[in-house]
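S.K.: I would like the atomic coordinates for the input below:
(4 chains)
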Amino acid sequence: MISLFFSALIYASLALCVLLSYRVAKVVNLSFGSIFTLGGYLSVFSLFITPIFGAWIGLLLHIGSKRMDASKATIFSLGIAIAIEEALRILFRVENILLDSRIFYFFGYKLVFEHFLASMISATFLILFLAFELKKPFSRLKLKVIEEDIENAELYGIDAEKARAIVLVISSAFFCSIGGLYLSGRVISPTIGWLYMIFSLFIATIANVFREKAYILLLPTSFGVCWLV
Amino acid sequence: MIGKLKAGLIVGLIVFLLFCATPPQTPTPQPQMPEIKIGVLVPKTGEFSSAGLVMENAAKLAEKHAKEMGYNVKVIIYDCGDKPETTKTAFLSLVREGVTAIVGTYSSPQAMTAADTANESKVVFVASVASADLESKVKTGNKYVFRNAYNTSYWGILAIEFLEKTKAKSYYLIGYEPLKTFNLGMFSLIKNSTKAEFRGESWVKSPTVSPEDYKRVAQEVAKKDVEVIIVGDPGLGSVDFVREYRLAGGNATIYSVGGTLALPDILAKLNISGIAFQAAALEVKAKTNLTKKYFEDYRKYYGTEANNYAGILTYDAILIVTQAAARGGDLISNLERGTFIGAAGVYEFDENHQAKWGSEKLQGTIGIYREGKIQVVS
Amino acid sequence: MVKLLEAVEISLTMNSKKILDSVNLCFDRGINLIAGPNGSGKTTLLKILAGLLRPSSGKILLDGLDITMKKAHERVKLGIIMAPERMKLPLSLTVDENLRFCDRNRAYEYFPELKKISEKKARDLSGGERQMVILARAFAKNSKYLLLDEPFQGLHEKIKERIIKLLEEEGRKRGILVVTHDELEKIFSMSDYICVLTNGKLLYAGEKEGGEKILKKFFI
Amino acid sequence: MLVSIAIRILVLVLLILPVFLDCYTKLLAASALTLAIFTVSWLYLEKDLGWASLGHSIPFGVSAYLFAINPLLLFFSPLTTFLLFPLSIFGKHTFPFASFVFSVFLWYLAHHIVFEGKGGEEGFRAPSINLDLIYLISVTILILSCLLIWKISNSYFGLKVKAVRDDEIAAKAIGINSLPFKVFGFAISCSLASIAGILHAAIFGHVSPGVFSPYFSLFPFVAATIGQGKIWSSILGSYTVVFLSWFLSPYVPEFHYAIYAVALILASYTQSYARSDRSV
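M.R.: All right, here's what the predicted structure looks like:
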């Protein structure tokens, strides 16, 4: 039960990233899967470089696709995804890499430390965003205006492009570092991240049905989906 | 810009056409010892590329050892990818190279396609890894296909042997849903012929449908009182399952049908005691004089531990073909009648062209990883 | 003399179709009217001035400063505000939240009706109410120049009158550019500068007196 | 003009030449040929109807499976239209992704298709036909399908299909009921893709879940991008992808995916591939 809860936390935060990049950056970011995998491979060297590389790819994605409409940006992100996957395949193709992991005791439960850390980071991310969503500071209002219509946002004096860049950078960095943590203890392959992306995309799609309440209902949705399948 | 691109395209294609049109070079015949050309199909790219590297290394090692034995062998390695389509094309390109026989391929669909292509192009194919239903091909008249790897039922036989050797009183089966047809065959064999008590079975869903399903199964099984758990998924997910099972407090011995959990590097890094696995051969249990040589030289030349399934069987397949071809005459009847030495034992083929695994001189090995060391169970 | 807002040789081509063809305009303080039949490029011109579209060629000057490459939000900071047509409004925000993007008190001063519905989401408002929110936000933000696209759409007669009054008042303080079909006559009589567009080409630009004939011939 | 004539001649040479070459080249050429038919089917849907599908492996793969399970089932393959067509409710912008996701879903589902104890992850053995024969059949079908598309595209009926593409509402206004035309266009495209799938299965004698993989679902898109959306150049594009990926795979693992990445990124910059954006 407790591990289910931790997984749900992680998927909820990943789905949050998917949802944010869909609504604010207007792209169904298909490169998240490869970024997740990249995080896993990078964690062989160091966990601290994962968010940096993730952020860098997010920025690349933003710069590459900022003048495109939603469908083209999505196709662009698919291209980036395949490119990253291919690069990983060339660099690491023949190795069966089993990532290190540590055991951690949590109220009598044995857990993998990195997974625990990943869910704690996710929880923090979710709580911060929830507070941001419920307290509605001015910056949240700005984000909402962008979500509805970028043109309008510009007329409201909001720098939509900057917001887009920030969302893509943060979500990619988040995906990358969670990938580094959550894949530890596993044997990884260049395509492994697709599973996590498709699953979080699935949760995000269900949550998206609730429209404005989507962000608040992400965690329950994620929990429900994890419990059901 | 576009015009230039098109022009470039056209030039490229003309070059390609010219390349196609050049007549194939005819090999100069060697008068004394005829060269034995053996084609090897290795999944260098795609899903199985990690196994592909091991197979490639093993094939090169086989060439070297065969030469040391005095055979004039040339091994030609081609990438067969992870799809039957790529396998068929690679097979035909090897045929074009004029090989005596072709060994290798990894997955079952690849082996099936290769078997059909062998029949069409009249070139012997020795399946060294896949466990597909190749016997039926032989029964229906395809004389060109042989297999030195074990077939599906032998996987079950080894598992039964393990249960008997360890005198386990109870066992539990873990299947992998996408491999259901394969797993079910093996499971029914185990259920029918062991005295140990069957305590139930669980199926892990494909991670694509539910990436966390292995956790559910692991926790469910950890609560069960059972001595041996037989894992039917040799894929990457088995590592996740084993770790989760131990974290959830389960302490039964885990028996894996090979795959990832039989890789020495992975076992050492995972460092979880009580994982049993089946292998074609193990270094600690020499079966022929080639066994030790294989493992030692592999380490010497490639710097890693030898994979004990895909690698060793590819190695053996090359040696089998070499020995059969060197005898001269019809290769098929040589293979059907002869005995051949490999690193995993002494091979003979039955009437369905399947290597006689389980015979006196050719037996699988079961190892168990305990406290940092691999011990031989049988 | 440097004009408040100038458009120099503006052209726009989209999918190899000319939408605007070297349009030259200079607007100053007061009410300025752009008229023309449907599809003549009025809204496109407004969008170019606001920074939502970038012209294929030409320049836009604000107080003599070249702002062609500036994006819409940067132009807002420089003092160009646009109220878009077709009730484009962030619907998930309440009226009050929408007005946080301008001087709220002033907005309620202009349209006291909005105070009663301040906690309602824009989604639940009627068309006229939405238009009021759009105009309130545009008027209640300090700016040098105000671009209004069909400001009278869906509004009640009484409110239309109030807006005309408001335009008159505000026109003394800043430049206002109006694109409209409704109330054309009234706006025409108020305006200082008129331009008429047809098929992306400028038919007339200049004082009201000269434009009257052309405008009457076409529309009024 | 000269370039387009050169391309046509080159395509014809590429079609005829393998007849005189060895088995291996013929197989490679046959594989490129079926994929060229596949690309042509995709291109019709994209050009004349304005729907860019990233899941065209659905009719391709399903028909290949039907054919492998029982060759007589091949007559049901035009029905695969009704797997792809319903996805059009998502609209032109979402359709590419909806179809892509559906094809990935089928890819996983295909691992569970078991019939009389066979199938699953291993797939099915398809009736294998003599390579020379199937090559000639493929060439004939490619030429016929090009002719068919050219004929339909320029007929009165085809003009109505295009009218529906350009503006569905306007087409309705001038009295064209858009639904039958859309279904018809989808049916033509899906049937051609089905034929390509069946030929593919017959050439390799085997069908595995891989027929639903992104390699096939993205293939026509990539080939058409290389061919700049023109039929003859796209056929050449198919040959290019197959040959390049085959010859370069030993040096760059799964080279076709590298081509895919480049094509996808480039395609998102150029206007020429998807009509769906232009026909607002």
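
S.K.: which residues in the stretch 101-250 of chain B form helices?
M.R.: Taking DSSP state H, counting those that start in this stretch as the criterion, the stretch 101-250 of chain B contains helices spanning B:108-121, B:135-139, B:152-165, B:180-192, B:213-222, B:237-247.

S.K.: Okay, and C:Leu147 sits in which element?
M.R.: Using DSSP states H and E, C:Leu147 sits in strand C:145-149.

S.K.: which residues are contacting stretch B:242-256?
M.R.: With Cβ atoms under 8 Å, 6 or more residues apart in numbering or on different chains as the test, stretch B:242-256 has contacts from A:101, A:103, A:110-112, A:185, B:159, B:162, B:166, B:168, B:172, B:214-215, B:218-219, B:221-222, B:226-231, B:234, B:238, B:261-262, B:270, B:272, B:274-278, B:368. For every residue, glycine as well, the C-beta is placed using N, CA and C.

S.K.: Please save the CA atoms from it in PDB.
M.R.: The C-alpha trace of stretch B:242-256 is given here as PDB (Å, rounded to 0.1, in the frame of the first residue of the first chain):
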ATOM      1  CA  VAL B 242      13.500 -10.100  -7.500                       C
ATOM      2  CA  ARG B 243      14.500  -6.800  -5.700                       C
ATOM      3  CA  GLU B 244      11.000  -5.900  -4.800                       C
ATOM      4  CA  TYR B 245      10.300  -9.500  -3.600                       C
ATOM      5  CA  ARG B 246      13.200  -9.300  -1.200                       C
ATOM      6  CA  LEU B 247      12.300  -5.800  -0.100                       C
ATOM      7  CA  ALA B 248       8.900  -7.000   0.800                       C
ATOM      8  CA  GLY B 249      10.400  -9.700   3.000                       C
ATOM      9  CA  GLY B 250      10.100 -12.800   0.800                       C
ATOM     10  CA  ASN B 251      12.900 -15.200   1.300                       C
ATOM     11  CA  ALA B 252      12.200 -18.200  -1.000                       C
ATOM     12  CA  THR B 253      14.800 -19.300  -3.500                       C
ATOM     13  CA  ILE B 254      14.100 -17.700  -6.800                       C
ATOM     14  CA  TYR B 255      14.700 -19.900  -9.800                       C
ATOM     15  CA  SER B 256      15.000 -18.000 -13.100                       C
END
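
S.K.: residues contacting whichever residue of the stretch 101-250 of chain B sits closest to chain A?
M.R.: Residue nearest to chain A within the stretch 101-250 of chain B (Cβ to the nearest Cβ): B:Ser210, separated by 4.0 Å. The neighbours of B:Ser210, taking Cβ under 8 Å, 6+ apart as the test, are A:Phe199, A:Val229.

S.K.: swap in the one 3 residues further on?
M.R.: With contact taken as Cβ under 8 Å, 6+ apart, B:Asp213 is in contact with A:Val229, B:Val204, B:Lys205, B:Pro207.

S.K.: With mean pLDDT as added columns, please give the helices of the stretch 101-250 of chain B in JSON lines.
M.R.: Formatted as JSON lines, the helices of the stretch 101-250 of chain B follow (pLDDT from 0 to 100):
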{"stretch": "helix B:108-121", "mean pLDDT": "87"}
{"stretch": "helix B:135-139", "mean pLDDT": "85"}
{"stretch": "helix B:152-165", "mean pLDDT": "86"}
{"stretch": "helix B:180-192", "mean pLDDT": "82"}
{"stretch": "helix B:213-222", "mean pLDDT": "86"}
{"stretch": "helix B:237-247", "mean pLDDT": "85"}
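
S.K.: nearest to C:His181, of those helices?
M.R.: Nearest to C:His181, of all those, is helix B:213-222, at 61.9 Å by Cβ to Cβ.
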